[in-house]
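Trainee: here you go, sequence then predicted model.
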Amino acid sequence: MTVSDISKRPKFFAQDNVYMPHIAVIEKIIEETPGVSTFHFNFKDKKLAKEFSFESGQFAQYSVFGVGEAPFCISSSPTRPDHLELAVQRVGRVTNALHRLGVGAEIGFRGPYGNSFPLNALKGKNLVFVGGGIGLAPLRSLIWNVIDNRDTYNKVDIVYGARTPADLCFRYDLEAWDKDKTINMVTTIDREAEGWTGKVGMVPKVLEEVAPSAKDAVAIVCGPPIMIRFTFPALEKLGFTPAQMLTTLEKRMKCGIGKCGRCNIGDVYVCRDGPVFSYEQIKNFASSEY
Amino acid sequence: MAKKISKKDIAQLLKTWSQQFTVLAPSRASGVAEMAEWDGKDTSFLDWYRNTTVPPKASFLPPMEEMFRFRKDEEGYRIEPPDKNGRKQLLFGIRPCDARAMAILDMTFEDAYKDPYYLEKRRNTVLVGMGCTNPCESCFCTSMGTSPTDPTNVDIMLIDIGDHFLVEAVTDKGKELITKTKDLKEAAKSDEAEAEKSKETSYNKVVRKLDTKGIKDKLRDSFDDEEFWEKTAAKCISCGICTLLCPTCYCFDINDETDKGEGTRFRSWDSCGFSAYTKMPMENPRSEKWRRVRQKVCHKYEFYPMAFDVIACTGCGRCIRLCPVNWDITQVIESVPDRVKGAK
């Protein structure tokens, strides 16, 4: 690993100080599940709102002033730039504070940071999206990106699961993708539930049933660590090589730019060198601590 | 040509430099040895100073530092960056080990995204190094790419030659300042010869040695040896002192402090020795102590060399001197098994 080249990434918009957040205003809040909400927001500075750009897979540092900052992916697609979306589960101090905010509230935003899904390498490929719970957030940025440039990509399979029907995030997206004839959308829940007519079973198992071909394919995986751990072997069984599997990693981060130290895996900083990695890269990390 | 200054004229020299800079010099005024603003008269450090307990990184990455202030009014939040103080500092008496540590820290703060707070202070500071004549038992700088009198990473270097210091400019910045400083006298050939002797004496006083050959590979091959790491971490009490007071450790936390819609975002030193350091709401990759000790050792001797081709340790010996349970990095590094050459 050498010093990472960030010169080709979308510019971060932070005057001359990369730690300085921009003010963004929450425009809409969608309650996805009892613990997960999606916030639609826009920059207060209209010029910035116009100039801002990012790529699917990148993340940002979001502030609730007075509470603190936390990193989350940008869950909307750069192909739909009229606002940005942030989906968060209420689990910690900052996420709890975010969930207490209403429409019109101001948050801090700095970014975009990190690398992104390698769109060029995905061109012409069959794409297999494997998601669990709120892990769909970074995937949906890419999925909408693919849909908005549908001719650039080949077949699309989406296998998405949650514990119960109530835990399924982005149901409006799931419906839209289900209706889309160019997409094979499979939704599953872990255990039988009343009124559920879809698939039942853990995501890796259902993925094996769906059995997408590994030929000219790339799998993009994101979900709880336990799901990811079982999904990689499931994909290997289907013939996917580690280089054909992408995921996005999550760590505690403070700075977001490879300084504060804590998100490292060996010499790799997840914030600076990731968060998107192939399973092949992960296997070659200097540390087995991912 | 080198210059020299009598030890009893140091106060005058610092007074001269104080007109142009905020002069920081070794001080025990706070109860702990550190680089602090010079009081305008005291040069007693020339007698007691071996090294500061708090490393000079504190002058560039303070233990606690305001990043910006925020304030809420009718129109919403306003963010006010801290005043660019633009203050020119002169750090007097930095030891070569700590000067090397600054060069190592620069790599991180200049990498990819620039860190404005650190780099501004760095740019505005002149480092005046002072060679060690009395290294500690815990020092092992000569094994870590530097020496008690190494001038490499300072602007101006002072070498003890008895009742004088030989003063040499190292960088252009140093040269410019020396030329303007009238308090300095021309050094004689004999002074330079004396300095050479002094350097050799100092070098030979560093008795602790550490063989780091192949350490990057050895650590890589030992990464998953849980038993080794558990043994290595056994007596550690996770106090964090070996990282907080390490001159090359830079990890920090970022937090907000607020009162009625007005507040400050600040950063503060943090340590990979603390379990909260990597804790996420649902999981913690380094909840066990041995994982944190492994991170500390590998970061310095394996990961930093992978990223920047330099070990992030300068042999200053603080972590050995200050550890409350006598954990010793040199013993740890020497005990890492050599799996390839066939120790087992």
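Mentor: Thanks, I have the structure now.
Trainee: CA only for contacts and neighbour counts going forward, please
Mentor: Fine.
Trainee: might you report the residue contacts of A:Cys271?
Mentor: Applying C-alpha atoms under 8 Å, 6 or more residues apart in numbering or on different chains, one finds that A:Cys271 lies in contact with A:Tyr113, A:Gly114, A:Met253, A:Gly256, A:Ile257, A:Gly258, A:Cys263.
Trainee: same question for A:Phe72.
Mentor: With C-alpha under 8 Å, 6+ apart, A:Phe72 has these contacts: A:Phe59, A:Ala60, A:Gln61, A:Tyr62, A:Leu86, A:Ala87, A:Val88.
Trainee: recalculate using a threshold of 7 Å.
Mentor: Residues in contact with A:Phe72 (C-alpha atoms under 7 Å, 6 or more residues apart in numbering or on different chains) are A:Phe59, A:Ala60, A:Gln61.
Trainee: ranking by neighbours, what's the top pick from these?
Mentor: Per-residue neighbour counts (other C-alpha atoms under 10 Å in any protein chain shown) across the contacts of A:Phe72 peak at A:Phe59, which has 26 neighbours.
Trainee: who does it form a beta bridge with?
Mentor: Taking DSSP bridges as the rule, A:Phe59 bridges to A:Cys73, A:Tyr113.
Trainee: for the one 10 residues further on, same thing?
Mentor: Using DSSP bridges, the beta-bridge partners of A:Glu69 come out as A:Ser63.
Trainee: verify the stated contact: B:Arg100 with B:Asp150.
Mentor: No: using C-alpha atoms under 7 Å, B:Arg100 is not in contact with B:Asp150, being 9.0 Å away.
Trainee: re the thing from before, which of the contacts of A:Cys271 count as buried?
Mentor: Buried members of the contacts of A:Cys271, counted by 16 or more other C-alpha atoms under 10 Å in any protein chain shown: A:Tyr113, A:Gly114, A:Met253, A:Gly256, A:Ile257, A:Gly258, A:Cys263.
Trainee: the first one contacts A:Gln61, correct?
Mentor: So the one you mean is A:Tyr113. No: checked against C-alpha under 7 Å, the pair A:Tyr113 and A:Gln61 is beyond contact range at 8.2 Å.
Trainee: just give the nearest non-adjacent residue to B:Arg87, would you?
Mentor: Setting aside the residues directly before and after it, B:Arg87 is nearest to B:Asn124 in space (C-alpha to C-alpha, 6 or more residues apart in numbering or on different chains), at 6.7 Å.
Trainee: and the one you found, how far from chain A?
Mentor: Note on B:Asn124: its distance to chain A, by C-alpha to the nearest C-alpha, to the nearest Å, is 17 Å.
Trainee: what pLDDT does that residue get?
Mentor: pLDDT for B:Asn124: 95.
Trainee: A:Arg171: how many residues sit nearby?
Mentor: Neighbours of A:Arg171 using other C-alpha under 10 Å come to 14.
Trainee: I'd like the distance between it and A:Leu98.
Mentor: 21 Å (C-alpha to C-alpha, to the nearest Å).
Trainee: B:Met35 too?
Mentor: Counting by C-alpha to C-alpha, the gap from B:Met35 to A:Leu98 is 41 Å.
Trainee: and A:Arg90, how many neighbours does it have?
Mentor: Per other C-alpha under 10 Å, the neighbour tally for A:Arg90 reads 18.
Trainee: just checking, it touches A:Val36?
Mentor: Yes: using C-alpha under 7 Å, A:Arg90 is in contact with A:Val36, at 6.2 Å.
Trainee: helices of the stretch 151-290 of chain A, start to end?
Mentor: Ranges of helices in the stretch 151-290 of chain A, per DSSP state H, counting those that start in this stretch, are A:171-179, A:203-210, A:225-237, A:270-273, A:279-284.
Trainee: please read the previous query as pertaining to the stretch 101-250 of chain B.
Mentor: Going by DSSP H, counting those that start in this stretch, the stretch 101-250 of chain B shows helices at B:116-123, B:172-180, B:189-205, B:215-222, B:226-233, B:241-244.
Trainee: restricting to C-alpha, output the longest one in PDB.
Mentor: So the one you mean is helix B:189-205. In PDB, the C-alpha atoms belonging to helix B:189-205 read as follows (Å, rounded to 0.1, in the frame of the first residue of the first chain):
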ATOM      1  CA  LYS B 189      38.200  24.800  13.800                       C
ATOM      2  CA  SER B 190      39.000  23.500  17.300                       C
ATOM      3  CA  ASP B 191      35.300  24.000  18.300                       C
ATOM      4  CA  GLU B 192      34.300  21.800  15.400                       C
ATOM      5  CA  ALA B 193      36.800  19.200  16.300                       C
ATOM      6  CA  GLU B 194      35.400  19.300  19.900                       C
ATOM      7  CA  ALA B 195      31.900  18.800  18.500                       C
ATOM      8  CA  GLU B 196      32.900  15.700  16.600                       C
ATOM      9  CA  LYS B 197      34.300  14.300  19.800                       C
ATOM     10  CA  SER B 198      31.200  15.200  21.700                       C
ATOM     11  CA  LYS B 199      29.100  13.500  19.100                       C
ATOM     12  CA  GLU B 200      31.000  10.300  19.400                       C
ATOM     13  CA  THR B 201      30.900  10.300  23.100                       C
ATOM     14  CA  SER B 202      27.100  10.800  23.100                       C
ATOM     15  CA  TYR B 203      26.700   8.000  20.500                       C
ATOM     16  CA  ASN B 204      28.500   5.600  22.600                       C
ATOM     17  CA  LYS B 205      26.400   6.400  25.600                       C
END
